[in-house]
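**Q** what's the 3D shape of this:
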Amino acid sequence: MLSYSELISFAKDLQDLVVGTKIWHPEIKTPTLLNSFTNYGAGYATTQYFKSLEGIVHLRGLINVPAGTTTGTTIFSLDTDYRPPL
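**A** Presented below is the predicted three-dimensional model:
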């Protein structure tokens, strides 16, 4: 049987969150990269995002920026439910 701290550690390793007595599994999205952006690779995380229970969108990953990219170039678009209100 796992202790509470071991359960928390195990859940974090699985990218889950223990909420009370339940384990929350975030829906992790992998976006389609646009405008010749690519995932960096080489052991770095793939570009992904998820929404926390508080409604905060978290990003992770590392991308290659194509040569000649200008400020304001779209990297990817968040799904509608993950965008901030206008």
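**Q** Does T69 touch L34 like I think?
**A** No. In this structure, T69 is not within contact of L34 by CB atoms under 8 Å, at 11.2 Å. To be clear about C-beta, it is placed using only N, CA and C from the backbone, and glycine gets the same treatment.
**Q** got the contact list for stretch 36-46?
**A** The contact list for stretch 36-46 (CB atoms under 8 Å, 6 or more residues apart in numbering) reads 30, 33, 47, 60-66, 69, 75-76.
**Q** where does this protein dip in pLDDT?
**A** Within the chain, the stretches with pLDDT under 70 are 1-23.
**Q** Tell me where this structure has strands.
**A** Secondary structure of the chain by DSSP state E: the strands cover 17-19, 22-24, 38-39, 48-51, 57-60, 63-64.
**Q** For the fourth one, buried residues please.
**A** Within strand 48-51, the residues scored as buried using 16 or more other CB atoms under 10 Å are Y49, F50, K51.
**Q** any idea where the helices of this protein begin and end?
**A** Along the chain, counting by DSSP state H, helices occupy 4-13.
**Q** re the thing from before, would you mind putting the strands of the chain into a markdown table with distance to D81 alongside?
**A** Listed next are the strands of the chain as a markdown table, based on distance: least, CB to CB, whole Å:
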| stretch | distance to D81 |
| --- | --- |
| strand 17-19 | 19 |
| strand 22-24 | 17 |
| strand 38-39 | 23 |
| strand 48-51 | 8 |
| strand 57-60 | 10 |
| strand 63-64 | 22 |
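**Q** Can you tell me which residue sits nearest the middle of the protein?
**A** For the chain, the residue nearest the mean C-alpha position is Y49 (2.5 Å; CA atoms, centre = their mean).
**Q** distance of that residue from T73?
**A** Applying CB to CB, to the nearest Å, the value for Y49 to T73 is 18 Å.
**Q** now do D79
**A** D79 sits 20 Å away from T73, going by CB to CB.
**Q** what does N39 give?
**A** For N39 relative to T73 (CB to CB), the value is 16 Å.
**Q** And the two? Which one has more around it.
**A** N39 (16 against 13; other CB atoms under 10 Å).
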